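Asker: Coordinates for the following, if possible.
(one chain, ligands or ions: 1)
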Amino acid sequence: MDYELLCAQMEGLAKAEKWYVSLMANAAALLYHSLEDLNWAGFYFIRGDELVLGPFQGKLACVRIPLGKGVCSAAAREDSTQRVPNVHEFPGHIACDSASNSEIVIPIHAGGRVVAVLDIDSPVLDRFSEADQAGLEAFAKVIEENMILD
Ligand code: SME
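Answerer: Coordinates of the predicted model:
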């Protein structure tokens, strides 16, 4: 995957609109239709002691996830990317879609704290490499640097 190009495309989308809903909606579509072997790409927002579903592409997903359970929650609470080669071996993994086998979740920051996570799921085991992680973290940074939350 050419992540430099993907980040440049995201910068281009951000020039058109920085409101977080539009930005994340198009970010999810860009990821979902650019990366191979995905079954879900989208965002969850921290609201109180839960993660709440944001813009995404893919099948219907869990709307509320308690902060404390699953991969997205670990990324949000530990403020660190979770790259999970086999979700079935991750304690507390939440299977919104039984087709998911691997997953990467990247924290999204605003005002110096984690406000959301970018979650990408794949039916392929060990789908996300270290290079994917670096590229997707750069992609997440483009979102952080551009989004306007209100
Ligand atoms: N698998 C995630 C839940 C979100 S869905 O995959 C869209 C988790 O364990 O946090």
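Asker: Going along the chain, name the helices of the chain.
Answerer: Counting by DSSP state H, the chain has helices at residues 3-16, 20-34, 70-78, 130-146.
Asker: which of those helices is buried the deepest?
Answerer: With neighbours taken as mean count of other Cβ atoms under 10 Å, those reach their highest mean count in helix 70-78, at a mean of 22. (Each C-beta comes from the backbone N, C-alpha and C, glycine too.)
Asker: Tell me the residues of this structure that contact the ligand?
Answerer: Residues of the chain lying close to the ligand (Cβ under 6 Å from any ligand atom) are 40, 61-62, 65, 70-73, 93-94, 96, 100, 103, 119, 121.
Asker: Please pick the buried ones from the residues you listed.
Answerer: Taking 16 or more other Cβ atoms under 10 Å as the criterion, what is buried in the residues of the chain next to the ligand is 40, 61, 65, 70-73, 93-94, 96, 100, 103, 119, 121.
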